[in-house]
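In: give me coordinates for this.
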Amino acid sequence: MTLHWTKEDTPHWDADKQRLFGPDELAAVGFHEPAPGTAIADEWWRVTDDHGIVVGYGWLDSEWGDAQISLLVDRARRGAGIGNFILDRLEDEAAERGLNYIYNVVPDTHPDAARMTRWLTERGFTHGTGDLRRHIPHRTGVVTLGPGLPSRSHRAPPGRSTWPSASAPAYAVDHSADHRPAHAVRRR
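Out: Okay, here's the model as predicted:
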């Protein structure tokens, strides 16, 4: 399976986001569901498979030389390496901007905060002040392990072009930024 990373130039609360962000996912980030078509803040990327089906999302908000990130993987596709793919792409995006760290705050409302925290720490995140963060090495290239599956956070075993079935989380989220413009998705 090849995964495709596409930046959304004008992110909106579209049908694919509505499909992937169910009540549990919305509760985990503390959002009320926006009205369909509502513009949403910050930078969003969608991940599609070879058939054009959206299987996940990445979110990035850069501030003060760091990037707060979030990711979501379709419940039916978890454990297939999509979370690792999204995490690596978000790191690439942050590195291209010359940022120092990517970080995530796993909120208390997350349905499985301990698992999410463990997943991030297994991928090199360390505990900061109220967050989990990983330093971004400044690099010039990406090693590709297989079609569309470059990785630094979780390497494939020798002779394999894909990741093993690892338990990738549904999301790593905290959209608690009060500095969002008025058109941003609102917290409860």
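In: which parts of this protein are strands?
Out: 4-8, 43-48, 54-63, 66-73, 101-104, 126-127, 132-135, 171-172 (DSSP state E).
In: starting at the chain centroid, how far to the longest one?
Out: The one in question is strand 54-63. Strand 54-63 sits 5 Å away from the centroid of its parent chain (C-alpha atoms, centre = their mean, to the nearest Å).
In: before we move on, back to that, as a markdown table, the strands of the chain with distance to Asp112, mean pLDDT and mean neighbour count would be great.
Out: In this view, the C-beta of every residue, glycine as well, is placed from N, C-alpha and C. Listed next are those as a markdown table, based on distance: least, C-beta to C-beta, whole Å; pLDDT from 0 to 100; neighbours: other C-beta atoms under 10 Å:
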| stretch | distance to Asp112 | mean pLDDT | mean neighbour count |
| --- | --- | --- | --- |
| strand 4-8 | 25 | 96 | 14 |
| strand 43-48 | 21 | 95 | 20 |
| strand 54-63 | 17 | 92 | 20 |
| strand 66-73 | 13 | 90 | 24 |
| strand 101-104 | 14 | 91 | 23 |
| strand 126-127 | 18 | 92 | 12 |
| strand 132-135 | 15 | 92 | 19 |
| strand 171-172 | 10 | 35 | 26 |
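In: what's the separation between Glu91 and Ile69?
Out: 8 Å (C-beta to C-beta, to the nearest Å).
In: any shared contact partners between these two?
Out: Ile102 (C-beta atoms under 8 Å, 6 or more residues apart in numbering).
In: re earlier: which one of the strands of the chain lies closest to Thr117?
Out: Closest to Thr117 of those is strand 132-135 (C-beta to C-beta; 6.6 Å).
In: please name every helix or strand in contact with the closest one.
Out: On a contact count with 3 or more C-beta pairs under 8 Å, 6 or more residues apart in numbering; DSSP states H and E, strand 132-135 meets strand 101-104, helix 113-122, strand 126-127.
In: ok, now with 6 Å
Out: If you count contacts as 3 or more C-beta pairs under 6 Å, 6 or more residues apart in numbering; DSSP states H and E, strand 132-135 packs onto strand 101-104.
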